[in-house]
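J.: Below is the structure, and that's it, no one-letter string:
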């Protein structure tokens, strides 16, 4: 029976799942969210257009304010919403049931308007009522589900990593790779003295981090806030409880929480980032044949993020993996740093790009003749200095190195489309010739 605990599978499943949640959050807002806001804007235009001094720019200003609230605000503050639609603060009264109502002066003004223009008033109130929402947007409700899914993905990752630790790392106890999952969970439970199923997400996290410490970039407090916000929506109907208020000093018990557009992307990326770092950190300690696959998986993640133009997040991933992981493979480390430098270049930070590239090995190590046979060094890859020179604008020399890499079979036809670095050389003289030569070597099994 093949092992059910493979770090490669755990890593790829978590990475693809979190990227899917991020893409889903974007897709929902770009489709459902945009349609909802367009409907609200039409209703405001219908209501305001009944007045002689109607200004379309004013409606657009109101919409910008409301959308900004949806993007940024983490609690439902109805007073702030009323102010966004130009209701003066002094004309808003807050009742005991948290409902916000207009003051008497505005009510009297509307009553007078209704007497003088009954037909317009009827149309106004019908149009105005369309702008009032008795419930959150469907796009906002979907973000609740995305947060629950993201935290669940992270918790499942921790469970898988605990299993992997006891199979591969804990040498005090010999656990077979071929155990059924249920049997393995029982053995782990015996080892830690507590049922694995009863461990909270932070019990799992603390057990893993105690054995594989993370640097100061990781904040348990930040993770605690994300998890407890999930709990508020899962178990408290979105109302902040005492536990959550302790995690967020800006919130009081009973406040109605929201999941803003900004927050859901932030939470997904935070969980994604530190899930990847934890997984790679454990994977890098395996010391078996699976080790070489870890570097390839990191590169695959970085390249996909760059292709998706998520430069800021990819920059963080590369930075934290570099600071937390001690690579056994120099080539894997160098390729990570090149992807890190690509992110800096895409973010228009040339100074940092140069600093990152200064840490990349661009020449093969010298090996003493007497030690050549004993040396177990991995081959020097010409694509590494090629990438550095391409990013530094030294494209003629980069092309020479690319040709050496192609002649040494260190780069394939598929690599040219896979790694973003080749985009920097695609318009250079000779690139198309190298591409055609590599394509001619492709064989179909």
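T.: In hand now; what should we look at? What you are looking at is a predicted structure, and each value in this text was computed from that prediction instead of being measured.
J.: Could you use CA atoms for every contact and neighbour count after this?
T.: OK.
J.: just for the stretch 201-350 of the chain, where's the confidence low?
T.: Within the stretch 201-350 of the chain, the stretches with pLDDT under 70 are 286-291.
J.: Do you have the helices of it handy? List them.
T.: Secondary structure of the stretch 201-350 of the chain (DSSP state H, counting those that start in this stretch): helices located at 201-211, 220-235, 242-247, 261-283, 291-307, 311-324, 330-346, 350-357.
J.: Figure out which of the ones you listed is closest to residue 10.
T.: helix 261-283 (8.0 Å; Cα to Cα).
J.: which helices and strands does that closest one pack with?
T.: Here helix 261-283 touches helix 7-28, helix 56-72, helix 138-168, helix 220-235, helix 291-307, helix 311-324, going by 3 or more Cα pairs under 8 Å, 6 or more residues apart in numbering; DSSP states H and E.
J.: the domain parsing of this structure - what is it?
T.: Per automatic domain parsing, the domain ranges recorded for the chain read 7-18+139-289, 19-134, 317-363+377-440.
J.: wait, which of those domains is closest to residue 299?
T.: Nearest to residue 299 among these is domain 317-363+377-440 (6.3 Å), distances taken as Cα to Cα.
J.: Span of the closest one from start to end?
T.: Domain 317-363+377-440 has its terminal residues 36 Å apart, counting by Cα to Cα, to the nearest Å.
J.: chain center to it, what's the gap?
T.: 25 Å (Cα atoms, centre = their mean, to the nearest Å).
J.: Pop out the phi and psi values for the residue nearest to residue 307 when sequence neighbours are not counted.
T.: The spatially closest residue to residue 307, leaving aside those adjacent along the chain, is residue 420, at 7.3 Å (Cα to Cα, 6 or more residues apart in numbering). The phi and psi values for residue 420, taken as degrees, to the nearest 10, are phi -60, psi -30.
J.: what's near enough to touch residue 420?
T.: Contact analysis of residue 420 by Cα atoms under 8 Å, 6 or more residues apart in numbering lists 303, 306, 307.
J.: List just the nearest of the residues you listed to residue 322.
T.: residue 303 (15.7 Å).
J.: Next, residue 394: phi, psi?
T.: Here residue 394 shows phi and psi, under degrees, to the nearest 10, equal to phi -90, psi 70.
J.: Can you give me the distance of it to residue 425?
T.: From residue 394 across to residue 425, the span is 10 Å (Cα to Cα).
J.: So the two - more neighbours on which side?
T.: Using other Cα atoms under 10 Å, the more surrounded residue of residue 394 and residue 425 is residue 425, with 23 against 13.
J.: Now do the same contact list for that one.
T.: 390, 395, 399, 431.
J.: ok, of those residues, which come out buried?
T.: Among these, the ones that count as buried by 16 or more other Cα atoms under 10 Å are 390, 395, 399, 431.
J.: Among the residues you listed, which are located in helices?
T.: 390, 395, 399, 431 (DSSP state H).
J.: how about JSON lines for the domains of the chain, with distance to residue 295 added?
T.: Converted to JSON lines, the domains of the chain look like this (distance: least, Cα to Cα, whole Å):
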{"stretch": "domain 7-18+139-289", "distance to residue 295": "9"}
{"stretch": "domain 19-134", "distance to residue 295": "19"}
{"stretch": "domain 317-363+377-440", "distance to residue 295": "5"}
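J.: thinking again about what came up before, looking at the ones in helices among the buried ones among the contacts of residue 425, which one is closest to residue 85?
T.: Using Cα to Cα, those come closest to residue 85 at residue 390, 52.0 Å.
J.: Distance-wise, check residue 8 relative to residue 416.
T.: 24 Å.
J.: Sorry, slip of the keys, the one I care about is residue 49.
T.: Counting by Cα to Cα - residue 49 and residue 416 are separated by 57 Å.
J.: Equivalent analysis for residue 74, please.
T.: Distance from residue 74 to residue 416, by Cα to Cα: 44 Å.
J.: What does the pLDDT read for the closest residue in space to residue 227 that isn't next to it in sequence?
T.: Excluding the flanking residues, the one nearest residue 227 by Cα to Cα, 6+ apart is residue 151, at 6.5 Å. With respect to pLDDT, residue 151 has a value of 97.
J.: shouldn't residue 151 be in contact with residue 269?
T.: No. In this structure residue 151 lies outside contact range of residue 269 using Cα atoms under 8 Å: 11.1 Å.
J.: Show the contacting residues for the spatially most central residue of the chain.
T.: By Cα atoms, centre = their mean, the chain has its centre lying nearest to residue 269, at 2.4 Å. For residue 269, the contact set (Cα under 8 Å, 6+ apart) comprises 18, 22, 313.
J.: name the helices or strands packed onto the helix or strand hosting residue 83?
T.: Using DSSP states H and E, residue 83 maps to helix 78-84. Helix 78-84 sits against helix 56-72, with contacts defined as 3+ Cα pairs under 8 Å, 6+ apart.
J.: Can you give me the end-to-end span of stretch 234-254?
T.: End-to-end distance for stretch 234-254, by Cα to Cα: 15 Å.
J.: How about that stretch, which residues are buried there?
T.: Buried residues in stretch 234-254, counting neighbours by 16+ other Cα under 10 Å, are found at 238, 239, 240, 241, 244, 245, 247, 248, 251.
J.: Please apply the same query to stretch 420-429.
T.: For stretch 420-429, the neighbour count (16+ other Cα under 10 Å) marks 420, 421, 422, 425 as buried.
J.: got it, and stretch 197-205?
T.: 201, 204, 205.
J.: end-to-end on that stretch?
T.: 14 Å.
J.: Please apply the same query to stretch 412-429.
T.: End-to-end distance for stretch 412-429, by Cα to Cα: 19 Å.
J.: so for it, what's the average pLDDT?
T.: 91.
J.: And stretch 86-96, by the same measure?
T.: 59.
J.: Tell me how many other residues crowd the residue nearest to residue 227.
T.: Neighbour tally, residue 151, other Cα under 10 Å: 24.
J.: Over to residue 194?
T.: Residue 194 has 12 nearby residues by other Cα under 10 Å.
J.: And residue 116, by the same measure?
T.: Using other Cα under 10 Å: residue 116 sits among 10 other residues.
J.: quick revisit: please name whichever of the helices and strands packed on helix 261-283 is nearest to residue 385.
T.: Comparing those under Cα to Cα, the one sitting nearest is helix 291-307, at 16.7 Å.
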